[in-house]
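**Student:** Sequence plus predicted model, see below.
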Amino acid sequence: MYDLRLIERDAQYTVPIYCLAWAVGQLGWVAGPIVLTLFAFVKLYTSGLLSKTYRSGDPVTGQRNYTYMDAVKANLGGGKVKICGLIQYVNLFGVAIGYTIAASVSML
């Protein structure tokens, strides 16, 4: 049983790494680095937005938002929290399907 858990854990963390390398490799030498640079800027921008919403109100003494949903609730209001939660669950469902497909293809 211990070995099976180790294999599951390794598969969970290595499948996305191999999928990203394969996908970027399919883009070629020109488009691949451009897309990686674009992803880096998107990640930088979204990380900056998320860090600015860590505290609501005053940036030093304001209330802390420990989760992304808390940050949405504090900054956008209660109605948008349900929409954000729905989007998060749809994204989680899609990622789970993608990992399942990638893992099953890699076992062939």
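**Tutor:** All right, it came through fine.
**Student:** Could you list the low-pLDDT ranges of the protein?
**Tutor:** Along the chain, the model assigns pLDDT under 70 to residues 1-19.
**Student:** show me where it has helices.
**Tutor:** Remark: helices assigned in the chain by DSSP state H are 2-52, 68-76, 78-106.
**Student:** which residues are contacting the shortest one?
**Tutor:** For helix 68-76, the external contacting residues (CB atoms under 8 Å, 6 or more residues apart in numbering) are 50, 53-54, 56, 63, 65, 80-81, 84-85, 88. C-beta here means a position set from N, CA and C on the backbone, and glycine is covered the same way.
**Student:** If we use 6 Å, what do you get?
**Tutor:** Helix 68-76 is contacted by residues 53, 56, 65, 80-81, 84 when judged by CB atoms under 6 Å, 6 or more residues apart in numbering.
**Student:** Can you give the distance from that helix to the centre of its chain?
**Tutor:** Centroid displacement of helix 68-76 relative to its chain, using CA atoms, centre = their mean, to the nearest Å, is 17 Å.
**Student:** What are the buried residues along it?
**Tutor:** For helix 68-76, the neighbour count (16 or more other CB atoms under 10 Å) marks 70-74 as buried.
**Student:** Report the separation between G78 and G85.
**Tutor:** 11 Å (CB to CB, to the nearest Å).
**Student:** Compare the two and say which is more crowded by neighbours.
**Tutor:** Each of G78 and G85 has its neighbours counted (other CB atoms under 10 Å); G85 has more, 13 against 8.
**Student:** Skipping its backbone neighbours, what lies nearest the more buried one in space?
**Tutor:** M69 (6.3 Å; CB to CB, 6 or more residues apart in numbering).
**Student:** Roughly how far does the one you found sit from F39?
**Tutor:** For M69, the distance to F39 equals 24 Å [CB to CB].
**Student:** what do you get for R55?
**Tutor:** Distance of R55 to F39, given as CB to CB: 27 Å.
**Student:** okay, these two: which has more neighbours?
**Tutor:** Between R55 and F39, counted using other CB under 10 Å, R55 has the larger neighbour count: 16 against 12.
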